[in-house]
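A.B. asks: Have a look at this prediction, sequence included:
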Amino acid sequence: MQNPTLIAHKLAARYPHLAPASRYYAHIASSLPPGRLQQAERIARKFVALEMRSPSVTRTQLQTRLTNAVTEELGGLADDADIMAIAFVVMMTATNDMDQDLKDIMAGVKAQTTAKAKLRALISEVNQAVANSAGQSADSFQQTLTWALLTPYRPRIKP
């Protein structure tokens, strides 16, 4: 569990237009008992999973789903203001989690791109070595190899 103030600063730095919301989040999350904050984080993870499976179409649908998720998990809150405050904490936590997921995905894509570049370089080296041993230029060998790989095999039928 991260410090709410730290999360608020990260979100405000990454999304400057959310700075007021980040300050509000830090205020609410800091005033919650630790058990409530952990519950809000669990709700956020469940809510993100639900939204990934079937995204909300409208803002009203999103608000309804979020309110239902909070009331289901926490049940006996005093009033609607408490529910909305916890729902806000859930949304900010979910935003932070989704931001981290996006960073992880981008790191994976970058690693795949790097691996593909290394594979292309290795293929180029192999082509160069084969071309040199065959006495052809690398470009000529590459063209011959491409033609051989792309031309479908048609066995000759003797009449």
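C.D. replies: Okay, I see it.

A.B. asks: Every contact and neighbour count from this point should use C-alpha atoms.
C.D. replies: OK.

A.B. asks: what helices or strands is the host helix or strand of residue 112 leaning on?
C.D. replies: Element membership for residue 112 (DSSP states H and E) is helix 80-134. Packing partners of helix 80-134 (3 or more Cα pairs under 8 Å, 6 or more residues apart in numbering; DSSP states H and E): helix 19-31, helix 34-53, helix 59-74, helix 138-150.

A.B. asks: rerun at 10 Å
C.D. replies: Identification of packing neighbours for helix 80-134 by 3 or more Cα pairs under 10 Å, 6 or more residues apart in numbering; DSSP states H and E yields helix 4-14, helix 19-31, helix 34-53, helix 59-74, helix 138-150.

A.B. asks: How far does the shortest one sit from its chain's centre?
C.D. replies: Put plainly, it is helix 4-14. Relative to its parent chain, helix 4-14 has a centroid offset of 18 Å by Cα atoms, centre = their mean, to the nearest Å.

A.B. asks: quick one: buried residues of it?
C.D. replies: By 16 or more other Cα atoms under 10 Å, the buried positions in helix 4-14 come out as 4-5, 7-9, 11-12.

A.B. asks: need the contact list for the spatially most central residue of the chain.
C.D. replies: The residue lying closest to the centre of the chain (Cα atoms, centre = their mean) is residue 102, at 2.8 Å. Residues in contact with residue 102 (Cα atoms under 10 Å, 6 or more residues apart in numbering) are 96, 108.

A.B. asks: What of the one 3 residues further on?
C.D. replies: For residue 105, the contacting residues are 99, 111, taking Cα under 10 Å, 6+ apart as the criterion.

A.B. asks: pLDDT below threshold where in the protein?
C.D. replies: Applying pLDDT under 70 to the chain picks out residues 1-2, 74-82, 136-139, 141, 145, 147-159.

A.B. asks: And the buried residues of helix 4-14, which is closest to residue 87?
C.D. replies: Within the buried residues of helix 4-14, proximity to residue 87 (Cα to Cα) peaks at residue 4, which comes in at 14.7 Å.

A.B. asks: what's near enough to touch residue 61?
C.D. replies: Shown in contact with residue 61 (Cα under 10 Å, 6+ apart): 55, 67.

A.B. asks: For residue 21, see how far away it is.
C.D. replies: Distance of residue 61 to residue 21, computed by Cα to Cα, to the nearest Å: 21 Å.

A.B. asks: go on, residue 129?
C.D. replies: Using Cα to Cα, residue 129 is found at 60 Å from residue 21.

A.B. asks: Residue 89 contacts residue 25, doesn't it?
C.D. replies: Yes: in this structure, residue 89 is within contact of residue 25 by Cα atoms under 10 Å, at 6.0 Å.
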